[in-house]
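Asker: Coordinates for the following, if possible.
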Amino acid sequence: KISKKEIGRCFKLILKALETSVHLITTTDFMSRFCSNLGLRAEVQKAATHIARKAVDLDLVPGRSPISVAAAAIYMASQASDEKRSQKEI
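Answerer: Below is the predicted model:
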């Protein structure tokens, strides 16, 4: 069995050998799609995006997947609005 750490190390070596880079996926990449699927207004999406960006900027979510961070931010923004969604829905 190979660890995630070993896979990550090999991936970085391959990128370096090929002299290329990969665009990192961010929480913003998921926000629009998730909010749209949940039928949330643009204001809720904007608030969720702000929450996620702040969490990343303040280094509150190191190592967390962008999908998880986006979902948590959407949950928090929806709970603060009149368009509440449950964790299960998100």
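
Asker: May I see the buried residues of the helix or strand in which Ile7 is found?
Answerer: Per DSSP states H and E: Ile7 is located in helix 4-18. Neighbour counts over helix 4-18 (16 or more other CB atoms under 10 Å) mark no residue as buried. Where C-beta positions appear, they are placed from N, C-alpha and C, glycine not excepted.

Asker: List the contacts of the residue lying farthest from the centre of the chain.
Answerer: Most distant residue from the mean C-alpha position of the chain: Ala17, 28.5 Å away (CA atoms, centre = their mean). Ala17 makes contact with no residue, according to CB atoms under 8 Å, 6 or more residues apart in numbering.

Asker: Glu83 too?
Answerer: Here Glu83 is in contact with Gly39, Leu40, Arg41, Val44 (CB under 8 Å, 6+ apart).

Asker: which residues touch the strand or helix carrying the last one?
Answerer: Taking DSSP H and E as the criterion, the element that holds Val44 is helix 42-57. Helix 42-57 is contacted from outside by 26-28, 31-32, 35, 40, 61, 69-70, 72-74, 76-78, 80-81, 83, using CB under 8 Å, 6+ apart.

Asker: which element follows it toward the C-terminus?
Answerer: Taking DSSP H and E, what comes next after helix 42-57 is helix 66-79.

Asker: what angle do that following helix and helix 42-57 make?
Answerer: Interaxial angle of helix 66-79 relative to helix 42-57 (axes from the mean of the first three to the mean of the last three CA atoms, to 10 degrees): 130 degrees.

Asker: In terms of secondary structure, what does helix 66-79 contact?
Answerer: For helix 66-79, the elements it packs on are helix 28-38, helix 42-57, judged by 3 or more CB pairs under 8 Å, 6 or more residues apart in numbering; DSSP states H and E.

Asker: now what about the first one, what contacts it?
Answerer: Helix 28-38 is touched from outside by 44-45, 48-49, 52-53, 66-67, 70-71, 73-74, 78, 85, 89-90, with contacts defined as CB under 8 Å, 6+ apart.

Asker: What is the least confident helix or strand in this protein?
Answerer: Ranking every helix and strand in the chain by mean pLDDT, DSSP states H and E puts helix 4-18 at the bottom, with a mean of 89.
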